[in-house]
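*Asks:* I would like to see how this sequence folds:
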Amino acid sequence: MSFLNGFKKAALGAVFVGTAATAAGAVELRGWNIHVEEYPVSIAMDSFMADVAERTNGEVTGKTYHNGVLGSQPDAIEQIRLGVIDFGEFSLGPMGQSIPETNVVSLPFIFKSIPQMYELMDGEVGEAIGEGMKAKGIVPLGWYDAGARSFYNSVRPINTPADVEGLKVRVMSNDLFVKMVESMDGNATPMAFAEVYQSIKTGVVDGAENNPPSYESTNHYEVAKYYSLTEHLIIPECLCMSLKTWEKLTPEQQEILKDAGHKSALLQRELWAEREAASMATVQAGGTVVNKIADKAPFQAAMAPVYESFLADNPDLTDLVNMIRNAD
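*Replies:* Below you'll find the model as predicted:
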């Protein structure tokens, strides 16, 4: 039995026992998750609920509904705020429409590395973003990893911003990401993710950007052999709870959920790292040329127009942006 399958069976078994022991008046939670059951996020969420059920002696139990069966991510975020769904796991990117503080982590190169993101999100930065989320009805319990997005293309390796010049790069439909590519004199092309493989193959675009599991699982590495680890976007995800549900819990239960949430985040990060390593091994075995970036400072400097525009529109977020950019 693999580690993941064994862990998952144990976690689900603990949830079953906890639910069976639920007494009258106890709390039963409904959780939202977009991923399949074997995904690192899903396994960590099941472990979270198992831990909570055990440590509350069955007073707080629940179930995570995987595969997005409770609705789309934007809908689920709104349902969390309204208390229709009790907890969920979301990218901070889509939260930006309703929670300005979460938009900060969508700025390119704002984090210097994945380990730095962990440290900052587990500390003052996470607390500041969390306060903004609470003001909108959402309580963060743990910060999950979604990896770092890097550029890949069919033309050449990218080592400096000048290497992006002239490249046609697919980006997500977001002005921040369009400006990011344009600031390096590239040609940003928003398009649906499902169209990227054929578009690279036919030369409509030269490449795109994403994390290693996405680059590998979509077979984009077959048509874009240069993968440059710019890590320009490191957007964390959040295991979080409805404030309406949170306020129904006792202080002791709240402490248990916060601790269990953080522990599940540590597990998810470990599982994500394993998944990324496996994906990198696959693409390199398939002939991908992978290059690390020796100095990211020129990329960060090239993002000045992106930051100027963002802060002009969101002056109240200046201190939070500077807190992250000035961190070691």
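
*Asks:* and the gap between the residue lying closest to residue 182 once chain neighbours are set aside and residue 307?
*Replies:* Leaving aside its chain neighbours, residue 182 sits nearest to residue 188 (5.7 Å; criterion: CB to CB, 6 or more residues apart in numbering). Every C-beta, even on glycine, is put in place using the N, C-alpha and C of the backbone. The spacing between residue 188 and residue 307, counted by CB to CB, to the nearest Å, is 17 Å.

*Asks:* same question for residue 256.
*Replies:* 40 Å.

*Asks:* repeat that for residue 167.
*Replies:* In terms of CB to CB, residue 167 sits 22 Å off from residue 307.

*Asks:* touching, residue 167 and residue 206? I think so.
*Replies:* Yes: applying CB atoms under 8 Å, one finds residue 167 in contact with residue 206, separated by 4.7 Å.

*Asks:* and the two? which has more neighbours close in?
*Replies:* residue 206 (24 against 21; other CB atoms under 10 Å).

*Asks:* surely that one meets residue 158?
*Replies:* No: the pair residue 206 / residue 158 is not scored as a contact, 10.7 Å apart, by CB under 8 Å.

*Asks:* strands along this protein, start to end?
*Replies:* Counting by DSSP state E, one finds strands in the chain at the ranges 27-32, 60-65, 87-91, 138-144, 149-153, 168-171, 187-190, 207-210, 226-233, 237-242, 289-292.

*Asks:* nearest to residue 199, of the ones you listed?
*Replies:* strand 168-171 (6.7 Å; CB to CB).

*Asks:* C-alpha coordinates for that closest one, PDB please?
*Replies:* Output of strand 168-171 as PDB, limited to C-alpha atoms (Å, rounded to 0.1, in the frame of the first residue of the first chain):
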ATOM      1  CA  LYS A 168       4.200  35.300 -27.500                       C
ATOM      2  CA  VAL A 169       3.200  34.100 -24.100                       C
ATOM      3  CA  ARG A 170      -0.200  32.800 -23.000                       C
ATOM      4  CA  VAL A 171      -1.300  34.200 -19.600                       C
END
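
*Asks:* what does stretch 121-135 rub up against?
*Replies:* Stretch 121-135 is contacted from outside by 92, 95, 99-102, 104-105, 120, 139-140, 143, 236, 238, 240, 243, 262, 320, 323-324, 327, using CB atoms under 8 Å, 6 or more residues apart in numbering.

*Asks:* go again with 7 Å.
*Replies:* 99-102, 120, 140, 143, 236, 240, 243, 320, 323-324 (CB atoms under 7 Å, 6 or more residues apart in numbering).

*Asks:* select from those residues every entry located in helices.
*Replies:* 100, 101, 102, 120, 243, 320, 323, 324 (DSSP state H).

*Asks:* distance of the fifth one from residue 92?
*Replies:* In this case it means residue 243. Taking CB to CB, one finds residue 243 at 17 Å from residue 92.

*Asks:* looking at these two, which is more packed in?
*Replies:* It is residue 92, of residue 243 and residue 92, that has more neighbours when counted by other CB under 10 Å, with 25 against 17.

*Asks:* from residue 249, how far out is that one?
*Replies:* 24 Å.

*Asks:* burial check on residue 319, number of neighbours?
*Replies:* 9.

*Asks:* tell me the pLDDT of it.
*Replies:* As predicted, residue 319 sits at a pLDDT of 96.

*Asks:* same question, residue 2
*Replies:* 43.

*Asks:* please list only the buried members of the ones in helices among the contacts of stretch 121-135.
*Replies:* 100, 101, 102, 120, 243, 320, 324 (16 or more other CB atoms under 10 Å).

*Asks:* any figure for the gap between the third one and residue 138?
*Replies:* Summarising the geometry, the distance separating residue 102 from residue 138, computed by CB to CB, is 9 Å.

*Asks:* returning to what we had before: wait, the residue nearest to residue 182 touches residue 171, no?
*Replies:* Yes: contact criterion CB atoms under 7 Å: residue 188 and residue 171 qualify, at 5.0 Å.

*Asks:* which neighbours do those two have in common?
*Replies:* 177, 178, 181.

*Asks:* wait, the last one sits on residue 189?
*Replies:* Think residue 181. No: using CB under 7 Å, residue 181 is not in contact with residue 189, being 8.6 Å away.

*Asks:* so which of the two has more stuff around it?
*Replies:* With neighbours defined as other CB under 10 Å, residue 181 and residue 189 compare such that residue 181 has more, 23 against 17.

*Asks:* run through the neighbouring helices and strands of the longest helix belonging to the chain.
*Replies:* Taking DSSP H as the criterion, the chain has its longest helix at helix 251-285. Packing partners of helix 251-285 (3 or more CB pairs under 7 Å, 6 or more residues apart in numbering; DSSP states H and E): helix 40-55, strand 138-144, helix 212-217, strand 237-242.

*Asks:* circling back: which pair in the buried ones among the ones in helices among the contacts of stretch 121-135 has the greatest spatial separation?
*Replies:* Among these, 243 and 324 lie farthest apart (CB to CB), at 24.7 Å.

*Asks:* okay, now the unreliable bits of the stretch 51-200 of the chain?
*Replies:* Residue ranges of the stretch 51-200 of the chain with pLDDT under 70: none are present.
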